[in-house]
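Participant: how would this look folded up:
(one chain, ligands or ions: 2)
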Amino acid sequence: MEGLVSSLFDVQSLPETYVLPPEKRPGNLIFPPGKSNIPVLDLGGHDRHEIIQQIMKASEEFGFFQVINHGVSKELMDETMNVVKEFHAMPAKDKFLECSKDPNRNCKLYSSSEKYATEEIHYWRDCLMHSGLSTEEYMQFWPAKPTRYREVVGTYSNEVRQLGSRILELISEGLKLSSGYFSGGLSRSPTILINHYPRCPEPSLTLGLPRHRDPSVITIILQDDVQGLQVYKDGEWITVEPLPHAFVVNLGYVLQIVNNDKLNGAEHRVVTNSSDARTTVSFFIYPSGESIIEPAKTLVCDPPLYRALKFKDFHVNFLSKSADADAVHKFISSKNCFINGEN
Ligand SMILES: O=C(O)CCC(=O)C(=O)O
Ligand SMILES: [Fe+2]
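Facilitator: Numbers count the residues shown, from 1 in each chain. Ligands and ions are numbered 1, 2, ... in the order given. Below is the predicted model:
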């Protein structure tokens with residue numbers, strides 16, 4: 001059984017396996033006062049056309065935006081954050097017990113990344129991952145402790161899934177795709193990641209998550225009030241300021257493939273700090289494994305930049321190369337003539 005970062009909370013210096021090579025370290029982190037310039041969009045307005053324009057602009061410029069007045073209640077957001085924090089505060093053996101019942105390993109607890117056993121360097125994160133579908137088929141394997149976990153996270157999943165559909169409908173309208181373009185197989189297998197980044201003795205030497213793009217259509221993130229998420233733009237890392245009861249939305253690879261690079265997934269990372277633990281809930285909108293992901297035929301006036309792939313083939317390859325954007329790009333590029341998902 002791999003160790004959890006939260007079991008290391010008393011260490012005074014960073015264990016060697018977490019120390020990044022100098023060129024990948026975040027260095028001394030100064031969070032400048034004032035707000036970051038990641039756009040904050042009000043979804044409560046009535047001018048649909050204006051909301052679409054704002055989403056498209058933010059997506060083009062940053063691949064990231066925050067949303068407020070999004071329809072998910074503050075109480076539910078608070079309850080969800082409380083219950084997932086309670087989960088990560090439980091003793092390690094209870095957490096593993098709660099996450100070891102699923103024979104398909106859809107529900108699992110791991111530290112750093114899914115490649116913990118083979119990766120050379122670990123990241124300062126513990127993660128609980130399970131399906132974002134709240135049917136009994138999946139929920140029976142979610143943690144039964146804390147006792148409110150299934151009820152609260154089940155309701156949260158339903159609401160965030162609806163919000164995701166709404167945002168994707170606005171994006172498809174902005175991209176001039178047919179209504180419902182993303183509502184079938186392309187959003188059939190949502191997944192939740194409950195990320196926990198304990199206090200870190202040497203934040204300048206490590207990361208909670210390395211620089212990456214998400215393998216999703218879009219991801220909807222609930223942050224607590226601790227800074228840590230950063231977006232790479234024009235050679236700089238911009239902090240996504242935690243705003244009470246806002247959701248952070250970012251575009252993933254699948255959306256980038258579908259729209260043939262009109263909108264790109266944004267590179268981001270997570271930094272840690274020595275004073276506060278940080279907890280977030282990432283809701284990944286994923287296609288079903290059998291869904292074909294490819295540039296939409298109606299959007300491609302230029303040659304397609306990506307080849308058609310089954311999502312499961314893309315995902316397996318992504319997981320094996322996630323920290324290497326060039327390798328992922330080479331695999332999905334239309335210039336890659338290899339067949340059978342191998343490279
Ligand atoms: O924890 C965060 O702020 C972001 C998490 C993230 O990037 C991810 O789950 O892919
Ligand atoms: Fe991410």
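
Participant: For burial, what's the neighbour tally of Leu309?
Facilitator: 19 (other CB atoms under 10 Å). (Each C-beta comes from the backbone N, C-alpha and C, glycine too.)

Participant: and if you look at Glu290?
Facilitator: Glu290, neighbours per other CB under 10 Å, totals 11.

Participant: quick one, phi psi at it?
Facilitator: phi -80, psi -10 (degrees, to the nearest 10).

Participant: what's the weakest-modelled helix or strand in this structure?
Facilitator: helix 325-332 (a mean of 88; mean pLDDT, DSSP states H and E).

Participant: wait, does that helix contact ligand 1?
Facilitator: No - using CB under 6 Å from any ligand atom, we find that helix 325-332 stays clear of ligand 1, coming within 13.9 Å at best.

Participant: which residues sit against that helix?
Facilitator: 211-213, 253, 257, 267, 306-307, 309, 314, 317-318, 321-322, 336, 343 (CB atoms under 8 Å, 6 or more residues apart in numbering).

Participant: Over to the residue of the stretch 51-200 of the chain found nearest ligand 1. Which of the three states is it?
Facilitator: Relative to ligand 1, the nearest point of the stretch 51-200 of the chain is Asn195 (4.4 Å; CB to the nearest ligand atom). At Asn195, secondary structure determined by DSSP: H, G, I helix; E, B strand; the rest coil is strand.

Participant: now the nearest residue to it once chain neighbours are set aside, what's its secondary structure?
Facilitator: Distance criterion CB to CB, 6 or more residues apart in numbering; nearest residue to Asn195, sequence neighbours excluded, is Thr280 at 4.7 Å. Recorded secondary structure, Thr280: strand (three-state DSSP).

Participant: likewise Leu29?
Facilitator: Leu29 is classified as coil under three-state DSSP.

Participant: In this structure it contacts Val270, no?
Facilitator: No - with contact defined as CB atoms under 8 Å, Leu29 does not count as touching Val270 (11.5 Å).

Participant: Those two: which is more packed in?
Facilitator: Val270 (22 against 15).

Participant: what sits against that one?
Facilitator: For Val270, the contact set (CB under 8 Å, 6+ apart) comprises Arg125, Asn195, Tyr197, Leu207, Gly208, Leu209, Gly228, Leu229, Gln230, Arg278.

Participant: now do Pro203
Facilitator: By CB under 8 Å, 6+ apart, the contact set of Pro203 is Pro26, Leu29, Val271, Thr272, Asn273, Ser274.

Participant: quick one: secondary structure of the last one?
Facilitator: If I follow you right, that is Ser274. Ser274 is classified as coil under three-state DSSP.

Participant: Helices of the protein, start to end?
Facilitator: Ranges of helices in the chain, per DSSP state H, are 48-61, 74-89, 92-98, 136-139, 149-174, 253-258, 311-321, 325-332.

Participant: With mean neighbour count added, can I get those helices in JSON lines?
Facilitator: Below are those laid out as JSON lines (neighbours: other CB atoms under 10 Å):
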{"stretch": "helix 48-61", "mean neighbour count": "17"}
{"stretch": "helix 74-89", "mean neighbour count": "17"}
{"stretch": "helix 92-98", "mean neighbour count": "16"}
{"stretch": "helix 136-139", "mean neighbour count": "14"}
{"stretch": "helix 149-174", "mean neighbour count": "19"}
{"stretch": "helix 253-258", "mean neighbour count": "25"}
{"stretch": "helix 311-321", "mean neighbour count": "18"}
{"stretch": "helix 325-332", "mean neighbour count": "16"}
